[in-house]
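Colleague: need a structure here:
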Amino acid sequence: MDELKKIKKEEKKKKNVSVSSRGRIYITSTFNNTLVTITNDKGDTIAWSSAGAAGFKGTRKSTPYAASSAGEAVSRKAAEKGLKTVDVYVKGPGSGRDSALRAIKAGGLSISSISDITPIPHNGPRAKKKRRI
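Modeller: Here you go, the predicted model:
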């Protein structure tokens, strides 16, 4: 039984990701949470964090303060690994978009470009019928 546990632990070991001075940051801000992921140029994840991982629960996860603490934590991790300049891609309608950006800047990374990649439907599927009250 112990041998199985050892094998599973060995499988979960982190692979070494090559970190250059440039990278990308993806901020996904929903109405309930904010996710911040830092990748290298290839797209391999260097570090990630979220408002929930930063210790916030329930409705406090959706606040700008929770997003800023998540952004600051992840930018510190990436700066320790040697990342310096980043391109930021923001996605979603949540309240943590701007505060996560400010926290990344405060965490020691220089931002070279900011892009909004929020998906917008080009008319999309048929809308629900209107409510009659």
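Colleague: which SS state does Ala100 fall under?
Modeller: When classified by DSSP: H, G, I helix; E, B strand; the rest coil, Ala100 comes out as helix.
Colleague: Could you verify my assumption that it touches Leu35?
Modeller: No: using CB atoms under 8 Å, Ala100 makes no contact with Leu35, being 9.3 Å away. Any C-beta I mention is one placed from the backbone N, CA and C, and that applies to glycine too.
Colleague: list residues touching both of the two?
Modeller: Residues touching both Ala100 and Leu35 by CB atoms under 8 Å, 6 or more residues apart in numbering: Ile27, Ser29, Ala70.
Colleague: helices or strands next to the strand or helix carrying Leu35 in the packing?
Modeller: Secondary structure from DSSP states H and E places Leu35 in strand 34-39. Identification of packing neighbours for strand 34-39 by 3 or more CB pairs under 8 Å, 6 or more residues apart in numbering; DSSP states H and E yields strand 22-29, strand 45-50, helix 64-81, helix 97-106.
Colleague: what about 7 Å?
Modeller: With contacts defined as 3 or more CB pairs under 7 Å, 6 or more residues apart in numbering; DSSP states H and E, the packing partners of strand 34-39 are strand 22-29, strand 45-50, helix 64-81.
Colleague: angle of that strand against strand 45-50?
Modeller: 170 degrees (axes from the mean of the first three to the mean of the last three CA atoms, to 10 degrees).
Colleague: so how far is strand 34-39 from its chain's centroid?
Modeller: With CA atoms, centre = their mean, to the nearest Å as the basis, strand 34-39 stands 2 Å off its chain's centre.
Colleague: Kindly report the same for stretch 28-37.
Modeller: 7 Å.
Colleague: buried sites along that stretch?
Modeller: Buried residues in stretch 28-37, counted by 16 or more other CB atoms under 10 Å: Thr28, Ser29, Thr30, Asn33, Thr34, Leu35, Val36, Thr37.
Colleague: Output it as CSV, restricted to C-alpha atoms.
Modeller: Output of stretch 28-37 as CSV, limited to C-alpha atoms (Å, rounded to 0.1, in the frame of the first residue of the first chain):
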residue,chain,number,x,y,z
THR,A,28,-9.9,35.6,-16.1
SER,A,29,-12.3,37.7,-14.1
THR,A,30,-15.8,36.2,-13.5
PHE,A,31,-18.6,37.5,-11.3
ASN,A,32,-17.6,35.0,-8.6
ASN,A,33,-13.8,34.7,-8.8
THR,A,34,-10.6,36.0,-10.4
LEU,A,35,-7.9,33.7,-11.9
VAL,A,36,-4.4,34.9,-12.7
THR,A,37,-2.1,32.6,-14.7
